[in-house]
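Visitor: pasting the sequence and the predicted model now:
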Amino acid sequence: MFENKLVAVINKSCEPGVAMNALAHMSFGLGQIVDRDKALLCDYVDKNDVSHPAISSMPFIVLSGNSNKIRLAIQGAHEKNILCVNFTDTMTGGTYLEQLQNTKNTTEENLQYYGAVFFGPWDTVTELTKKFSLWR
């Protein structure tokens, strides 16, 4: 078994393109925070000796839920000191400067969560995400 667990939860009401955009942003952000060893990144090398670098050897589980349940999981992650990167509706449309301002002008309870990625001790992340369904 792995020491840590990596789980993404995507808002089930998001269109696939929006969901993939949110997942990409969150994963990229998380990758800047978690070091290579903790993320269990390795380079896969094929028979032609071509390297396919920086792929985690641990599973990356993708689940789905609604914005309010994602919000609760994020709050739980903060309470349990679990690393969590999230993406909201205010982070799309316009320029990134407009997105920053839109987020600043929106209270947390009015944010619509498109997703969150959780990374931390296996049992704790499982506890936070066990009520979500597999994303389809």
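Guide: Received, thanks. Numbering: from 1, shown residues only.
Visitor: show me where this protein has helices.
Guide: Under the criterion DSSP state H, the chain contains helices at 16-33, 67-79, 96-104, 122-129.
Visitor: those: which one's closest to residue 39?
Guide: For residue 39, the closest of the helices of the chain is helix 16-33, at 7.2 Å, according to Cβ to Cβ. Glycine gets a C-beta too; all of them are placed from N, C-alpha and C.
Visitor: distance from that closest one to the middle of the chain?
Guide: The gap between where helix 16-33 is centred and where its chain is centred comes out at 6 Å by Cα atoms, centre = their mean, to the nearest Å.
Visitor: with stretch 90-102 instead?
Guide: With Cα atoms, centre = their mean as the basis, the distance from the averaged C-alpha position of stretch 90-102 to the chain average is 19 Å.
Visitor: if we can go back for a sec, select, out of the helices of the chain, the one closest to residue 3.
Guide: Counting by Cβ to Cβ, and looking across all of the helices of the chain, nearest comes helix 122-129 at 6.6 Å.
Visitor: hey, C-alpha coordinates of the closest one in PDB?
Guide: Listed next in PDB are the C-alpha coordinates belonging to helix 122-129 (Å, rounded to 0.1, in the frame of the first residue of the first chain):
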ATOM      1  CA  TRP A 122      -3.900   7.400   2.600                       C
ATOM      2  CA  ASP A 123      -6.400   6.900   5.400                       C
ATOM      3  CA  THR A 124      -7.100  10.600   5.900                       C
ATOM      4  CA  VAL A 125      -7.700  11.300   2.200                       C
ATOM      5  CA  THR A 126      -9.900   8.200   2.000                       C
ATOM      6  CA  GLU A 127     -12.000   9.500   4.900                       C
ATOM      7  CA  LEU A 128     -12.400  12.800   3.200                       C
ATOM      8  CA  THR A 129     -13.300  11.400  -0.200                       C
END
